[in-house]
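> Requesting a structural model of the entry that follows:
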Amino acid sequence: MLPMRRISLTAGVLYLLTFVSIPTLALYAAVKEDAGAFILGAGSTTGVQLGALSEVIVALAGIGTAVVLYPVAKRISQTAALGFVAARLVETCLLLVSVVSMLSIITLRNDVAGSPGTDPASLAIIGQGLAATYNWTFLLSGSLMPVACDLFLGYVLYKSQLVPRVLPIIAFIGAPLLLASDIAVFFGAYPQVSAFSALAALPVAVFELSLGIWLVVKGFKPSPFTDNGPLIHHPDIPATEQP
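Down below sits the predicted model:
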């Protein structure tokens, strides 16, 4: 397998892996509805644990996409390539913080609730605080940071034409729409989980899913940017960004 095909295939698989956390909306439902009742209640925590594991996978796959694509992206724009890696890194860190919040709720339920001298009301308040931490960090990691990621990567893909230009155009449309929705959620215009937020996130989701499928099935299109040799004086690359 040629090196560029390995890169495109690996990046595509990693992009598809970032969608494994979709079921967390249902898996976390009990915690999000009433964290206090979840901590003080009975039953299995397996669903929440599976949701947390899937988000860890998403975090690792997300940073993997940036690392794998960096050698190609830097040929088009060193600035955009570094921006993509940095945005993915921030996204991953925030996502892991949200996972820690959810796992802390499980610990409160398994190891603290029911212990002698424990105040149920205090546990409920702590649980609600951890759930709020999860919601806010997820807003920043799973919704806001993809705006930056897709703009940086969209610029690279549009400039290089490594994939059909319709894909980065979808990113250019979806990123501002998602940003506007995030601002609306931040100021309380509508809930984080709502029809409005779902519609706003749809173009970005379509871009990333379509990109993953394209890279797995087709790979990069022929381009001077994917030549094995160094790129010298390419007209579309500023002199300061030439390899």
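
> which residues of the chain score low on pLDDT?
1, 225-243 (pLDDT under 70).

> residue ranges of the helices in it, please?
With DSSP state H as the criterion, the chain has helices at 3-17, 24-27, 29-33, 35-40, 46-76, 78-107, 120-138, 145-160, 166-186, 195-217.

> Share the number of residues neighbouring the closest residue to residue 91 other than its chain neighbours, please.
Nearest non-adjacent residue to residue 91, counting by C-beta to C-beta, 6 or more residues apart in numbering: residue 145, 3.7 Å away. Quick note: C-beta positions are derived from backbone N, CA and C, even for glycine. Residue 145 is flanked by 23 other residues according to other C-beta atoms under 10 Å.

> Just send the helices of the chain back as TSV, with distance to residue 114 too.
Putting the helices of the chain into TSV (distance: least, C-beta to C-beta, whole Å) gives the following:
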stretch	distance to residue 114
helix 3-17	37
helix 24-27	23
helix 29-33	18
helix 35-40	8
helix 46-76	18
helix 78-107	13
helix 120-138	9
helix 145-160	38
helix 166-186	36
helix 195-217	36
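
> quick one, which of those helices is packed in tightest?
Most buried of these by mean neighbour count (mean count of other C-beta atoms under 10 Å) is helix 145-160; its value is a mean of 23.

> tell me what that one is packed against?
When contacts are defined as 3 or more C-beta pairs under 8 Å, 6 or more residues apart in numbering; DSSP states H and E, helix 145-160 sits against helix 46-76, helix 78-107, helix 166-186, helix 195-217.

> Using a markdown table, lay out these together with distance to residue 123.
Listed next are the helices and strands packed on helix 145-160 as a markdown table, based on distance: least, C-beta to C-beta, whole Å:
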| stretch | distance to residue 123 |
| --- | --- |
| helix 46-76 | 16 |
| helix 78-107 | 10 |
| helix 166-186 | 28 |
| helix 195-217 | 30 |
